[in-house]
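Undergrad: All I have is the shape, not the residue letters:
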């Protein structure tokens, strides 16, 4: 009988070993992967050579100076190219024929006293004769 107990204990150890090897070959759980990820991040941050305050200020000023210089250069080149294109006539606003504007509508061209119907025609009979502002009716 003692042999049976030993066999069952060894059988249990074999089964446990099989399960462990199956898990090792498979994908670990999400929590195990997250734990490993955080452990790796912490170990990497320990290896980082953090700058001292003097070096940090110097690097920050260098970056800000480079940004300022780049901004000024872009402004100068943009203004120069814009000036060249405007003076050469390549970049001008489209001009409309003289006397008209680009956004005129039928209602903009009606004289005072005229009305329009939806078709866009004018009707002078529906209103009295237009009077000029600034003149009195009796004069």
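TA: Arrived safely. What you see is a predicted model; the values in this text were computed from it and never measured.
Undergrad: Run through the chain and note the low-pLDDT ranges.
TA: Scanning the chain for pLDDT under 70 picks out 1-25, 92-139.
Undergrad: Longest helix in it, please.
TA: helix 53-88 (DSSP state H).
Undergrad: How about that helix, which residues are buried there?
TA: For helix 53-88, a neighbour-count test (16 or more other Cβ atoms under 10 Å) marks nothing as buried. Where C-beta positions appear, they are placed from N, C-alpha and C, glycine not excepted.
Undergrad: List the contacts of residue 87.
TA: Residue 87 makes no contacts at all, as judged by Cβ atoms under 8 Å, 6 or more residues apart in numbering.
Undergrad: how far away is it from residue 74?
TA: Between residue 87 and residue 74 the distance is 20 Å, computed by Cβ to Cβ, to the nearest Å.
Undergrad: same question, residue 50
TA: Residue 50 is 33 Å from residue 74, by Cβ to Cβ.
Undergrad: now residue 89
TA: 25 Å.
Undergrad: ditto for residue 84
TA: 16 Å.
Undergrad: same thing with residue 80?
TA: Where residue 74 is concerned, residue 80 sits at a distance of 11 Å (Cβ to Cβ).
Undergrad: Dihedrals phi and psi, residue 27?
TA: phi -80, psi 130 (degrees, to the nearest 10).
Undergrad: Good, wrapping up.
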